[in-house]
Each structure stands twice: as structure tokens, then as C-alpha cells.
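Asks: When you get a sec, could you give me coordinates for this:
(one chain, ligands or ions: 2)
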Amino acid sequence: MKTYISSWPASVECPPFPRRLAILGATGSIGDSALKVAAKHPERFTVTALAGGRNGKKLAALCARFRPAYAAVLDETARKEFLDHLPTGHAPELLVGPEAYVRLAAMDEVDLVLSSIVGAAGFEPTLAAAEAGKMIGLANKESLVLGGHLIRAACKASGAVILPVDSEHNALFQGLAGHGADHEIKRLILTASGGPFRGHDRAFLETVTRDQALAHPNWSMGAKISIDSATLMNKGLELIEACHLYGLPPEMVGVVVHPQSIVHSLVEYVDGSQLAHLGTPDMQVPIAHCLCFPERVTVDVPRLDLASVGTLTFEEPDLDAFPCLRLAREAFDAGPSHPIVLNAVNEIAVEAFLGERIGFTDIPTMIEAGLDRHAPVDVSTPEAVLALDHEVRRETEARL
Ligand code: NDP
Ligand code: MG
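Replies: Ligands and ions are numbered 1, 2, ... in the order given. Here you go, the predicted model:
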């Protein structure tokens with residue numbers, strides 16, 4: 001096994017406390033959980049930068065509370081909303097536009113970047129943080145799906161380390177505990193809740209609504225990842241994420257459905273031992289692990305009580321009803337440009353489903369058609385990755 005990008009090199013010191021944080025995607029669900037952790041442990045963090053997207057009002061309220069030196073929003077409309085709602089007393093330096101996130105991710109005043117923008121928009125800031133040698137808490141799995149090969153190379157060149165926020169990958173990171181040799185690891189096993197439609201067939205899935213799909217049984221998350229969880233695309237993206245993070249081929253990464261979301265994933269060693277990570281399904285737990293790594297801190301979530309959970313169950317994923325997981329595996333096998341297509345079509349399709357322009361089962365159909373149309377192209381530079389992403393989005397929109 002190649003070295004994995006989450007293993008902390010013994011020769012590198014973790015940034016001291018208080019760590020200077022930049023939270024990209026501060027106005028989202030992961031941003032909320034991260035700021036709960038930061039608020040509980042003010043002695044450990046200086047909130048240096050908070051970046052939102054379009055929600056200027058929410059970002060203004062966060063800035064009034066956490067008083068970062070820098071803030072960022074996506075566009076002029078959000079800038080105006082931000083300024084209209086910012087109370088007097090503290091005015092951070094405000095940056096506007098996609099390049100603002102790249103600048104914040106790489107700035108000298110920041111030790112730790114939490115990459116939690118949703119979607120492909122997270123790729124450039126994550127790459128910038130990797131090139132700048134930062135400690136990165138990575139929630140934005142899409143950046144590895146788009147350009148895991150480039151992010152790995154950037155981490156290697158700069159000494160940047162990615163700590164996985166995604167609960168499954170955080171569980172694997174803890175189960176690996178520094179082990180990384182080929183001869184020790186048999187496979188990684190990602191758990192999947194199965195989403196709100198587990199057990200249903202394709203005919204049922206044709207009838208489901210946006211609100212049903214948004215109602216995840218165990219996790220409270222943003223809209224896009226909630227739909228990805230309902231289609232099982234989330235597990236497909238996570239499979240690719242795991243391969244990049246841990247330097248493993250996809251055949252060494254399995255998926256098992258576990259509806260209770262208590263076991264967050266497992267590492268199987270060659271001696272037959274399987275190390276599982278268990279916990280209450282709340283993203284504050286993996287976020288706190290990443291932000292304070294290698295130390296542990298208290299987190300305000302209900303303690304896991306196995307006796308009251310009672311039963312943990314496991315089953316095979318249904319790849320006929322939920323083809324997205326199979327499509328992701330095939331895309332990763334097909335070469336580095338296919339996952340970019342998979343992700344771009346998925347993002348457009350999920351947006352269209354949320355806008356009630358297409359049905360639930362149209363999502364995998366559109367992705368499969370997009371992958372079938374794609375002829376591999378060179379994606380060895382960030383510009384090529386972004387060009388393909390933009391082209392596939394344009395084409396998919398046009399076909400809608
Ligand atoms: P949300 O939709 O709740 O939040 C998304 C954040 O990204 C918001 O701050 C939003 O800003 C911002 N944003 C959206 N588009 C852009 C853009 N074009 N440029 C800059 N910022 C943008 O998503 P989540 O917090 O649920 O998810 C974030 C990431 O973390 C995703 O990649 C997801 O897969 C991953 N993740 C999430 C988990 C969860 O439990 N939520 C678990 C594991 C991984 P605004 O709202 O101001 O427009
Ligand atoms: Mg996950």
C-alpha cells in the first residue's frame with residue numbers, strides 16, 4: 001500500500017493550540033457542527049476566517065459571534081446581504097468571489113483549514129490548502145473525487161496532511177492507527193445507512209418526492225448530501241474518497257449497509273481482526289477529532305449506550321434498486337476523468353431533482369448516460385479538471 005494522505009508524518013509537528021481556523025462552508029451543516037466544537041473549546045481555537053456562500057445574513061450573525069479577522073461570500077448579492085446584517089462592533093475584512101476561498105485556504109495566518117463547502121466548488125480551495133502545506137479537515141469529499149490524484153501530489157510536495165471529517169473515513173483513520181503496509185491491511189469496509197428508501201424497489205423509487213428523499217433516518221445534513229445518501233451516490237463518492245485517502249484499489253474497499261449508523265466503518269487486517277469505530281451519529285465527533293488531532297476533547301452529544309440501541313444489523317447493498325454505488329465503482333475503475341463526469345452529472349441531477357424538474361430514478365439514469373458518452377481525457381492539471389467539470393455541467397444542463 002502506498003502511504004496514505006491522512007497519516008501524520010512522525011517528523012512533522014501538529015500546529016500548537018490555539019489553532020487558527022479557516023472554516024470554508026461555515027454557513028452549512030458541517031460549519032454549524034464545527035462552530036459548536038470551537039465554541040465549546042475557545043482556548044483551543046482562534047476563528048480566523050469564516051467563509052459562506054450565498055447566505056450573507058447567517059454569515060453576518062456568525063461573524064458577530066466569533067469575530068474572525070476575515071470573512072468571504074460568493075457574490076455581490078451575498079456581500080450586500082452580509083453588510084446589511086452585520087451588527088456594528090466588529091467588521092472582518094470581507095473577500096468576495098470564488099478566488100476568496102482559495103486565498104483564505106492558503107493564507108499564512110491560518111493553521112487549519114476545514115474544507116466544508118459542498119460540491120465541486122470545494123476542489124480549488126482544498127487544493128490550495130494542500131499546496132500551502134496546511135493541516136486540512138476534509139469534509140468536501142467531492143474535491144477528492146474530482147482531483148484526488150492532484151491533491152495527493154500536492155500534499156506529498158508540501159507536507160500538508162488531510163484529516164478525514166467524513167464519519168466513515170474518520171472511523172477508518174482511527175482503525176488504521178498508522179498502519180499502512182500492504183501486508184497488514186486486508187480491506188476497508190464502509191458502512192452505509194441505506195438512506196430513507198432502504199428495502200424499496202425501483203417501482204417505488206419512481207414515485208418518491210423531494211421531501212421524502214430529504215428525510216434521512218439518522219443524520220442531519222445539507223440537502224445535496226441527503227439526496228446522495230438516498231441514491232447511495234454518497235457511498236459511491238465515499239468509496240472513491242477512501243481509495244484516494246488510503247492509497248488502496250477499489251477492490252480493497254467494501255460496503256455494508258448498517259441501518260442504525262452506529263458502526264461508522266471497519267478496517268479488516270490480514271489476521272482476520274476487524275476494528276470498528278462506534279459512536280452516536282453526530283458530526284461534531286469526527287470534526288472534534290480532526291480539529292484537535294492528536295488530542296481528544298469533550299463533545300456535547302448524547303453518549304452511545306449500546307444496551308439501549310439493542311440490535312445492530314448489517315446487510316448487502318441493493319445495487320439494482322440503487323445503481324449509483326455501482327456506477328461510482330465503474331467510474332473509478334475507468335480512469336481519472338470518469339469520476340469528474342460522475343460527479344458533475346450527479347450535481348446537476350440532484351439540483352434538478354431538488355427543483356422538482358426530474359424524478360428520483362432519473363438521477364442514476366442521467367449519470368449512466370453521461371458516463372457512457374464520455375471518452376477519457378487528460379486531467380493531469382487543475383485547469384483540465386475544471387474544464388471537464390464545466391463542460392459536463394453545460395452539456396448536462398442542455399440535455400435536461
Ligand atoms: P450544506 O449544504 O449544509 O452547506 C454547504 C456550505 O457550502 C454552505 O456554507 C454554503 O454556503 C457553501 N457553498 C455552497 N455552494 C458554494 C459555492 N459555490 N462556493 C462557496 N461556498 C458554497 O452542506 P453540508 O455541510 O451538509 O456538506 C458540506 C460538505 O461536507 C459536502 O461536501 C458533504 O458531502 C460533506 N459532508 C457532510 C456531512 C454532513 O453531515 N453534513 C457528512 C460528511 C461529509 P451558503 O449556504 O451560504 O450558500
Ligand atoms: Mg459519510
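Asks: From here on, just use CA atoms for contacts and neighbour counts.
Replies: Noted.
Asks: how deep is residue 142 tucked in, by neighbour count?
Replies: Using other Cα atoms under 10 Å, residue 142 has 27 neighbouring residues.
Asks: One more: residue 309?
Replies: Residue 309 has 10 neighbours, counted by other Cα under 10 Å.
Asks: go on, the one 4 residues further on?
Replies: A total of 12 residues lie near residue 313 under the criterion other Cα under 10 Å.
Asks: Look up phi and psi at it.
Replies: Main-chain dihedrals, residue 313, degrees, to the nearest 10: phi -120, psi 160.
Asks: Are stretch 213-227 and ligand 2 in contact anywhere?
Replies: No. With Cα under 5 Å from the ion as the criterion, ligand 2 is not reached by stretch 213-227; the gap is at least 8.8 Å.
Asks: First-to-last residue distance for that stretch?
Replies: 6 Å (Cα to Cα, to the nearest Å).
Asks: got a list of contacts for that stretch?
Replies: 28-30, 118, 193, 195-197, 229-230, 234, 260-261, 281-282, 347, 350-351 (Cα atoms under 8 Å, 6 or more residues apart in numbering).
Asks: now residue 296, nearest residue through space, not along the chain?
Replies: Of all residues not flanking residue 296 in the chain, residue 289 sits nearest, at 6.3 Å (Cα to Cα, 6 or more residues apart in numbering).
Asks: got a list of what that neighbour touches?
Replies: Contacts for residue 289 (Cα under 8 Å, 6+ apart) come out as 295-297.
Asks: From the contacts of stretch 213-227, which land in helices?
Replies: Within the contacts of stretch 213-227, residues falling in helices by DSSP state H are 29-30, 229-230, 234, 347, 350-351.
Asks: can you put the contacts of residue 289 in JSON lines and add distance to residue 148?
Replies: Supplementary listing: those in JSON lines, determined by distance: Cα to Cα, whole Å:
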{"residue": "295", "distance to residue 148": "27"}
{"residue": "296", "distance to residue 148": "28"}
{"residue": "297", "distance to residue 148": "30"}
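Asks: just to revisit the earlier point, can you sort out which of the ones in helices among the contacts of stretch 213-227 also neighbour ligand 1?
Replies: Among the ones in helices among the contacts of stretch 213-227, proximity to ligand 1 is found for 29-30 (Cα under 6 Å from any ligand atom).
Asks: ok, so of the ones in helices among the contacts of stretch 213-227, who is nearest ligand 2?
Replies: Using Cα to the ion, residue 234 comes nearest to ligand 2 of the ones in helices among the contacts of stretch 213-227, at 7.1 Å.
Asks: all helices of the stretch 151-300 of the chain, in order?
Replies: Secondary structure of the stretch 151-300 of the chain (DSSP state H, counting those that start in this stretch): helices at 167-176, 202-205, 210-214, 223-231, 233-246, 284-292.
Asks: Next, the angle from the last one to helix 167-176.
Replies: Going by axes from the mean of the first three to the mean of the last three Cα atoms, to 10 degrees, helix 284-292 is angled at 60 degrees with respect to helix 167-176.
Asks: go on, the fifth one?
Replies: Direction vectors for helix 233-246 and helix 167-176, defined by the same axes, to 10 degrees, enclose an angle of 30 degrees.
Asks: Is helix 233-246 positioned near ligand 2?
Replies: No. With Cα under 5 Å from the ion as the criterion, ligand 2 is not reached by helix 233-246; the gap is at least 6.7 Å.
Asks: TSV for the helices of the stretch 151-300 of the chain, including mean pLDDT?
Replies: Shown next, in TSV, are those (pLDDT from 0 to 100):
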stretch	mean pLDDT
helix 167-176	96
helix 202-205	96
helix 210-214	96
helix 223-231	97
helix 233-246	97
helix 284-292	97
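Asks: How about the residues of the stretch 151-300 of the chain by ligand 1?
Replies: Taking Cα under 6 Å from any ligand atom as the criterion, the neighbours of ligand 1 within the stretch 151-300 of the chain are 166, 221-223, 225, 283.
Asks: Listing request: residues of the stretch 1-150 of the chain with sub-threshold pLDDT.
Replies: Applying pLDDT under 70 to the stretch 1-150 of the chain flags the ranges 1-4, 6-12.
Asks: Which stretches in it count as helices?
Replies: Using DSSP H, counting those that start in this stretch, helices in the stretch 1-150 of the chain cover 29-40, 56-66, 76-85, 98-106, 123-131, 141-158.
Asks: and the ones you listed, which is most packed in?
Replies: Across the helices of the stretch 1-150 of the chain, averaging neighbours per residue (mean count of other Cα atoms under 10 Å) puts helix 123-131 on top, at a mean of 25.
Asks: Just confirm residue 233 contacts residue 319, I think it does.
Replies: No. With contact defined as Cα atoms under 8 Å, residue 233 does not count as touching residue 319 (11.0 Å).
Asks: got any residues that touch both of the two?
Replies: residue 325.
Asks: more crowded one of the two?
Replies: More crowded of residue 233 and residue 319, by other Cα under 10 Å: residue 233, with 25 against 12.
Asks: what's the nearest residue to the more buried one once chain neighbours are set aside in contact with, if anything?
Replies: Leaving aside its chain neighbours, residue 233 sits nearest to residue 324 (4.9 Å; criterion: Cα to Cα, 6+ apart). Residue 324 makes contacts with 231-233, 236, 364, as judged by Cα under 8 Å, 6+ apart.
Asks: who wins for neighbours among these?
Replies: Ranking those using other Cα under 10 Å puts residue 232 first, with 30 neighbours.
Asks: Can you list phi and psi of it for me?
Replies: According to degrees, to the nearest 10, residue 232 has phi 70, psi 0.
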